[in-house]
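Visitor: Return a 3D structure for these sequence lines:
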Amino acid sequence: MTGKYVLAIDQGTTSSRAIIFDHSGQIVATGQKEHEQIFPRAGWVEHDPKEIWDNIREVVAEALAKASMNKDDIVAVGVTNQRETAMVWDKNTGEPVYNAIVWQDTRTDKIVKELGGGDDDKYKAKVGLPLATYFSGPKVKWILDNVEGAREKAEAGDLIMGNMDTWVIWNLTGGTDGGVHVTDVTNASRTMLMDLDTLAWDEGIAKDMGIPMSMLPEIKSSSEVYGEGRAHGLLGGVPIAGDLGDQQAATFGQAAFEVGMAKNTYGTGCFMLMNTGEEKVPSKNGLLTTVCYKIGDNKPIYALEGSIAVTGSLVQWLRDNLKMFDSAPEVEELANSVEDNGGAYLVPAFSGLFAPYWRSDARGALVGLTRFVNRGHIARAVLEATAYQTREVLDAMEADSGVKLAELKVDGGMTANELLMQFQADQLGVDVVRPVVAETTALGAAYAAGIAVGFWDGEQDVIDNWAEDKRWTPSMDEDERARLYRNWKKAVTRTFDWVDDDVT
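Guide: Next up is the predicted model:
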């Protein structure tokens, strides 16, 4: 079986990718295509699900063509996805009733406040999450409340919902012609509708949100055969056998299987997960309790997570909105043109603050400005913001878990930025380690699918395949480290309480 390959479909926030992996976990071929970011109003972020499905078919074809392969060379397909991006569609026609509402979207703020009635932790003991605009359930409620005729069709049993993994798998397995309507425990744990103990939908919370149970996908493990590729498609007959939300997939791909192991993914946002084993650890410090993964019939493994909304997208903002450079990698050269941040701090609370604050009333702020500050200082402040936010999450994680981190495994596009990675090590005071295969999100989904069909034997194969590429060791003076972080904390407080009835 080692002569064959596994295909991962990574449906991300800005693009969709198909990556083919060999048995050693190395990349054989990749296809990638960006999709449109739709901003109908301030704070609203949407994607066109049909564009995304078209793109997925294109990138699968591209990856297979580059590798000179066809479906007979693929033993299984794994899917990973931007997790809390939610959509509703008609199961009879396959038509979305509205665009997918993206995880960064803040339109559900009023819904969230009404659901909580002043208690943001109303459901937290059950679902591990605070009430926040981040999660899927309130987005589905918004669609049912605001799209004409949607609630009636939902109650008649014609509409179904899901995160993007559910949409992709439904279409892969036939769509209106027998498509399988499923999700996995990691994605279900981001909806605010799943009980973390029973791994089942909670009828009471669904009722509170006005979501008919008939809309909800069947919850499966992260590694099992859900169905086969549609007969007339590029992947006809190939088992669709892995499904993990992107951050859990990256944790899996990083082989973070031991309690206390943590990884941080630097993408559109930043997401740090720490494995807590079979114990779900409730957070007292602003983190999320989530499902890390579940392999077949094995017990679920839980994690603590710190979610940061804006990191890589802050670099895109400098590029696209402020036109400071033409391509994202140029931010490092610009930041290296100065020795430090010049006293400037940029807190990117574009869609409020996520962990550990959970302040939807916050908005972005650039503070500490003097006439001395130039483009280089602002570029540096942008990169440093990612490192400071990561440190805040790690501090909370160590407080909740009682585990002192020995090193941080990192992945994602921003790990190519040497300045950022060194500053990250300096701020954390521990080594930062990047693996040879930095595409750990897609790799994790591939491993889950391959394990389900026996291509890999289990977690040990993942551990054996993992290899270190580069390590950054702290070199900053302790007093300077503390001074910079203290000023960052001061800058964060300047973003609070910005949104009120007059400001959205």
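
Visitor: what ranges do the helices span in the stretch 151-300 of the chain?
Guide: 164-172, 185-188, 203-208, 246-253 (DSSP state H, counting those that start in this stretch).

Visitor: Least reliable of these by average pLDDT, please.
Guide: Here the lowest mean pLDDT among the helices of the stretch 151-300 of the chain goes to helix 246-253, at a mean of 93.

Visitor: now the helices of the stretch 151-300 of the chain in TSV, with mean neighbour count and distance to Glu459?
Guide: (C-beta placed from N, C-alpha, C; glycine too.) Shown next, in TSV, are these (neighbours: other CB atoms under 10 Å; distance: least, CB to CB, whole Å):
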stretch	mean neighbour count	distance to Glu459
helix 164-172	27	21
helix 185-188	30	16
helix 203-208	16	32
helix 246-253	32	9
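
Visitor: can you tell which of these is closest to Gly233?
Guide: Closest to Gly233 of these is helix 164-172 (CB to CB; 7.3 Å).

Visitor: what angle do that closest one and helix 246-253 make?
Guide: For helix 164-172 against helix 246-253, the angle by axes from the mean of the first three to the mean of the last three CA atoms, to 10 degrees is 90 degrees.

Visitor: which residues are in contact with helix 164-172?
Guide: By CB atoms under 8 Å, 6 or more residues apart in numbering, the residues outside helix 164-172 that reach it are 9, 11, 49, 52-53, 56, 77, 79-82, 85, 87, 89, 94, 100, 160, 162, 179-184, 187, 217, 226-227, 229-230, 233, 235, 240, 243, 245.

Visitor: now it: how far from the chain's centre is it?
Guide: 17 Å (CA atoms, centre = their mean, to the nearest Å).

Visitor: got any ranges where the stretch 51-200 of the chain has weak pLDDT?
Guide: Judged against pLDDT under 70, the stretch 51-200 of the chain has no low-scoring part.

Visitor: With distance to Ser307 as new columns, can the helices of the stretch 151-300 of the chain be given to me in TSV?
Guide: Shown next, in TSV, are the helices of the stretch 151-300 of the chain (distance: least, CB to CB, whole Å):
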stretch	distance to Ser307
helix 164-172	17
helix 185-188	13
helix 203-208	20
helix 246-253	8
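
Visitor: Which one, of those helices, ends up nearest to Glu155?
Guide: Within the helices of the stretch 151-300 of the chain, the stretch nearest Glu155 is helix 203-208; the backing value is 12.4 Å (CB to CB).

Visitor: now the closest one: how far from the chain's centre is it?
Guide: That offset, for helix 203-208, works out to 25 Å (CA atoms, centre = their mean).

Visitor: Stretch 226-243 too?
Guide: That offset, for stretch 226-243, works out to 24 Å (CA atoms, centre = their mean).

Visitor: For that stretch, output the C-alpha coordinates as PDB.
Guide: The C-alpha coordinates for stretch 226-243 follow below in PDB (Å, rounded to 0.1, in the frame of the first residue of the first chain):
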ATOM      1  CA  TYR A 226     -17.900   8.800   5.800                       C
ATOM      2  CA  GLY A 227     -18.700   7.900   2.200                       C
ATOM      3  CA  GLU A 228     -17.100   7.700  -1.200                       C
ATOM      4  CA  GLY A 229     -16.400  10.300  -3.900                       C
ATOM      5  CA  ARG A 230     -19.300  10.700  -6.300                       C
ATOM      6  CA  ALA A 231     -19.200   8.200  -9.100                       C
ATOM      7  CA  HIS A 232     -18.900  10.700 -11.900                       C
ATOM      8  CA  GLY A 233     -16.300  12.900 -10.200                       C
ATOM      9  CA  LEU A 234     -12.500  13.100 -10.200                       C
ATOM     10  CA  LEU A 235     -12.500  11.200  -6.900                       C
ATOM     11  CA  GLY A 236     -15.200   8.700  -7.800                       C
ATOM     12  CA  GLY A 237     -15.200   5.700  -5.400                       C
ATOM     13  CA  VAL A 238     -12.300   7.100  -3.200                       C
ATOM     14  CA  PRO A 239     -13.100   6.900   0.500                       C
ATOM     15  CA  ILE A 240     -13.700  10.300   2.200                       C
ATOM     16  CA  ALA A 241     -12.200   9.300   5.500                       C
ATOM     17  CA  GLY A 242     -10.800  12.200   7.500                       C
ATOM     18  CA  ASP A 243     -12.400  15.400   8.800                       C
END
